[in-house]
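J.: take a look and give me a structure for this.
(chains A and B)
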Amino acid sequence: MKSNVGKLLSTAAIAATISTGAAAATLDDVKSKGFIQCGVSQGVPGFSNADVNGNWSGIDVDACRATAAAIFGDAQAVKFTPLSAKERFTALQSGEIDMLSRNTTWTYTRDTSLGLDFTAVNFYDGQGFMARKDLGVESALDLDGATVCTEQGTTTELNMADFFRKHKMNYVPVIVQKADEALAAYASGRCDVFTTDKSGLAAHRSKLSDPNAHVILPETISKEPLGPVVRHGDNQWKDIVTWAMFVQVNAEEMGISSKNVAKIKSESNDPGIRRLLGAEGNMGESLGLGADWAYNIIAEVGNYGEVFERNVGPNTPVGLPRGINNLWTEGGVMYAPPVR
Amino acid sequence: MSDQNSSSIKNFLNDAGNRALIFQALLLAVVVFVGYYLFSNLQANLADQGISTGFEFLNQPAGFPVLIHLIEYTEANTYGRAFVVALINTVVISLLGIALATFIGVVMGLARLSNNWLVARLATVYVETLRNIPLLLQMFFWYFAVLATLPIPKNSIIFGDFFLNKRGVYSPNPIAQDGFGIVIAGFILSIIASIALIVWAKKRQTRTGLWFPAYWASFGTIIVITFLALVVSGFPIEFDLPQKSRFNVTGGMVLPPEFVAVLVALSTYTGAFIAEIVRAGILSVNWGQTEAARSLGLKDSLTQRLIVLPQALRVIIPPLTSQFLNLAKNSSLGAAIAYPELVAVVMGTTLNQTGQAIENIGLCMLVYGTLSLSISMFMNWYNKKMSLIER
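T.: You can find the predicted model right below:
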């Protein structure tokens, strides 16, 4: 009897320490584990997708790799947890993953009431519609009465509802738990239209049996700034993830890439570049990292332009134009605060 | 004085009943304390992490659509209303599934016992196939099989005012006009009359032994009286007919493929288990009972109805209850193929938009708990009613 009570108490004590553990410093946890546990999608080509050998690639995957490079100097020190849209926030809140990098839209509600913090934007997106070419639809405003397939647990669900309400159009919503099954329902003809972020549309279209039979409608019905997310309250960890992204944008702006970074580090006289690459002083110290944190990011993962071209650029199956995601100096909105 | 005091405490503690009480009280205190500690710890952690708590979100506008809603629902309604919509969808699919699974189960259970070789083998194949494949797979199979076989809306199969395509079955939607109250009144009246008839027939049979086909007669009464009421009030029903539109068929009533797939998957899967339970129940009744009934001169149908089935039911009902509970809980798998039941709407969309996992999952647990306990209570009542009354 007494020993039972004792067991009960000690179990409760363990449960209590586990549940408070989530709020502790993520950087220390990650360093002692030796890797970052990164939440990604269950397969969106160009963003986070595993090949037949289980190797992950994509823009969102590279956000995790850049953070790992900054901490360990090893972009491979990442383990991935594929998550559905509806699982993702709970996985992060509960401490199952260290960062969430899963084409997740930065919104007011998510930032303020989910106990999460958005770090930076690694892709500016907007929601669109994909329809069969033979329907002859040219604009999203022609969609009155259409049946629409989409994945559950995303901003997409709400944007779609707002769009149809705003234009006083009727529609039939078919909301499926996983993106792959939503796409399968669309492919089988259950729906006239498939809706998600436009980058996602391009990625999903590349998965269909005949991508050319489907057309992405011109309208963009929402703003979807996508980026990595961390738990609220761990400011140091948030800074690391944020600046891992900013470094990549700054590097592209300064013309530093994975190919020339070693040369620039040894040859450059520009004090800004020397500070960034750790040739002078230690900028990493205030993040709890080494002096070569930024150098490692650029050397192992590359600058933002390289990441974009490698994963979703015109020469990939996803084939997205740089568009709004170009640097601010090139007519886009990618703009990062200076490293100084 | 103090000596007397300490000895009375000793006596009090040595009493077995008192000691049991003290231990119970201690245990209760520990349980309450641990529960309180965990709860306050949870509250503190949620507050630390900046996660909202409480049920206020139920009054916030939901903003998302729901495919199937049996009560009025639009995106402007609240999360609370979406919850009710989902709850109704779960209850409806569970009850329909239970009814259909029982029917399939009884038919297949009897078929397995059939003397006809082919019928018995077919029933065996049905049972062994369906109960050995995971339910989720079967749901995907039905959903995508239905979608793959049916035509696209442009090539709908049309019977009069009925349309069939990948988007579902469209039928005329009856809309009640003025004077429909007379029909409803007639219907209720005929039901009351039927109950009276059945009660009368039973009493007469106990008194005189004469038999009267009360069930057929009351069925006829309901049909005739309701039809007469329709004629008298001048058919106060108008139909909203489905029509072809640009993308699809609009208007009318629609039975979406998600609903059909979930219902078929749930009822055929559970039906396979029920078939075995029914078979076991019937086999558990000694053959001597049938022989005795025959020697009394009872017809085969009466032997089954009056002798075998009542005894078989005592074996059937307890495991049947478990199957009903399983079906109700398995309905949550409908979320995977877009059937908007509780898990899809509350644990899927609502949880994701509000981020309040504990409240939403708690709500779902409460609903499934209540639903299961209600089914359980009903079946226990029925079990008691059917059990052997010893004289």
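
J.: what's near enough to touch the residue in the stretch 51-200 of chain B that chain A sits nearest to?
T.: As assessed by Cβ to the nearest Cβ, chain A sits closest to B:Ile51 within the stretch 51-200 of chain B, at 3.6 Å. For every residue, glycine as well, the C-beta is placed using N, CA and C. Neighbour list for B:Ile51: A:Gln93, A:Ser113, A:Leu114, A:Gly115, B:Gly355, B:Gln356 [criterion: Cβ atoms under 8 Å, 6 or more residues apart in numbering or on different chains].

J.: show the pLDDT at the residue lying closest to B:Tyr126 once chain neighbours are set aside.
T.: Closest residue to B:Tyr126 apart from its sequence neighbours, by Cβ to Cβ, 6 or more residues apart in numbering or on different chains: B:Met108 at 5.9 Å. pLDDT for B:Met108: 95.

J.: for A:Pro225, what are phi and psi?
T.: A:Pro225 adopts backbone torsions of phi -80, psi 120, taken as degrees, to the nearest 10.

J.: ok, it touching A:Asp125?
T.: Yes. Counting by Cβ atoms under 8 Å, A:Pro225 does reach A:Asp125; the two are 7.3 Å apart.

J.: give me the common contacts of these two.
T.: Shared contacts of A:Pro225 and A:Asp125, defined by Cβ under 8 Å, 6+ apart, are found at A:Thr105.

J.: circling back to that earlier point, and the contacts of B:Ile51, which are buried?
T.: The neighbour count (16 or more other Cβ atoms under 10 Å in any protein chain shown) marks A:Gln93, A:Ser113, A:Leu114, A:Gly115, B:Gly355, B:Gln356 as buried among the contacts of B:Ile51.

J.: just the residues you listed now: which is nearest B:Leu197?
T.: Nearest to B:Leu197 among the buried ones among the contacts of B:Ile51 is B:Gln356, at 54.2 Å by Cβ to Cβ.

J.: isn't the closest one right up against B:Thr53?
T.: Yes. Look at B:Gln356 against B:Thr53 with Cβ under 8 Å: they come within range, at 6.9 Å.

J.: quick revisit: tell me which two of the buried ones among the contacts of B:Ile51 sit farthest apart.
T.: By the measure Cβ to Cβ, A:Gln93 and A:Ser113 form the most distant pair in the buried ones among the contacts of B:Ile51, at 11.5 Å.

J.: so what sits against both of these two?
T.: Shared contacts of A:Gln93 and A:Ser113 (Cβ under 8 Å, 6+ apart): B:Ile51, B:Gly355.

J.: which of A:Pro225 and A:Asp125 has more neighbours?
T.: A:Asp125 (24 against 17; other Cβ atoms under 10 Å in any protein chain shown).

J.: pretty sure that one sits against A:Leu226.
T.: Yes. Using Cβ under 8 Å, A:Asp125 makes contact with A:Leu226 at a distance of 5.4 Å.

J.: what touches both of the two?
T.: Joint contacts of A:Asp125 and A:Leu226 (Cβ under 8 Å, 6+ apart) are A:Asn103, A:Thr105, A:Asp197, A:Ser199.

J.: check pLDDT for those and point me to the minimum.
T.: Minimum pLDDT across these falls on A:Ser199, with 88.

J.: for that residue, what is the enclosing helix or strand?
T.: Element membership for A:Ser199, per DSSP states H and E: helix A:198-205.

J.: for that helix, output the C-alpha coordinates as CSV.
T.: The C-alpha coordinates for helix A:198-205 follow below in CSV (Å, rounded to 0.1, in the frame of the first residue of the first chain):
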residue,chain,number,x,y,z
LYS,A,198,0.4,28.5,-55.3
SER,A,199,3.8,27.0,-54.7
GLY,A,200,2.0,23.9,-53.4
LEU,A,201,-0.2,23.8,-56.5
ALA,A,202,2.9,23.7,-58.7
ALA,A,203,4.4,21.0,-56.5
HIS,A,204,1.2,19.0,-56.4
ARG,A,205,0.6,19.4,-60.1
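
J.: name the residues that touch the next helix or strand after it?
T.: Downstream of helix A:198-205, the first helix or strand assigned by DSSP H and E is strand A:214-216. Applying Cβ under 8 Å, 6+ apart, the set of residues contacting strand A:214-216 from outside is A:Gly128, A:Phe129, A:Met130, A:Ala131, A:Arg132, A:Lys133, A:Val137, A:Lys198, A:Leu201, A:Ala202, A:Arg205, A:Leu208.

J.: who wins on neighbours among those residues?
T.: Neighbour counts for the contacts of strand A:214-216 (other Cβ under 10 Å) peak at A:Phe129, which has 27 neighbours.

J.: now the helices for the stretch 201-340 of chain A?
T.: A:235-254, A:261-267, A:271-276, A:293-300, A:304-311 (DSSP state H, counting those that start in this stretch).

J.: chain center to the shortest one: distance?
T.: How far helix A:271-276 lies from its chain's middle: 28 Å, per Cα atoms, centre = their mean, to the nearest Å.

J.: from the contact counts, what lies against that helix?
T.: If contacts are counted by 3 or more Cβ pairs under 8 Å, 6 or more residues apart in numbering or on different chains; DSSP states H and E, helix A:271-276 sits against helix A:235-254.

J.: can you tell if the helix it packs on touches chain B?
T.: No. Judged by Cβ under 8 Å from any Cβ of the partner chain, helix A:235-254 and chain B are separated, with a smallest distance of 12.6 Å.

J.: how about B:Ser331, secondary structure?
T.: Classification of B:Ser331 by DSSP: H, G, I helix; E, B strand; the rest coil places it in helix.

J.: enumerate every residue touching it.
T.: B:Thr90, B:Ile93, B:Ser94, B:Gly97, B:Val262, B:Leu266, B:Glu341.

J.: buried residues in the helix or strand containing B:Leu230, which are they?
T.: For B:Leu230, the element it lies in under DSSP H and E is helix B:214-232. Judged by neighbour count (16+ other Cβ under 10 Å), helix B:214-232 contains these buried residues: B:Ala214, B:Ser218, B:Thr221, B:Ile222, B:Ile225, B:Thr226, B:Ala229, B:Leu230.

J.: I'd say the fourth one and B:Ile188 touch.
T.: So the one you mean is B:Ile222. No. Applying Cβ under 8 Å, one finds B:Ile222 not in contact with B:Ile188, separated by 10.1 Å.

J.: look up how far B:Ala82 lies from the residue most central in space within chain B.
T.: The residue lying closest to the centre of chain B (Cα atoms, centre = their mean) is B:Leu95, at 2.4 Å. Separation of B:Leu95 from B:Ala82 (Cβ to Cβ, to the nearest Å) stands at 21 Å.

J.: contacts for stretch B:334-344?
T.: Here stretch B:334-344 has contacts from A:152, A:174-178, A:181-182, A:185, B:66-69, B:85-87, B:89-90, B:93, B:136, B:139-140, B:143, B:258-259, B:261-262, B:331-332, B:347-348, B:364, B:367-368, using Cβ under 8 Å, 6+ apart.
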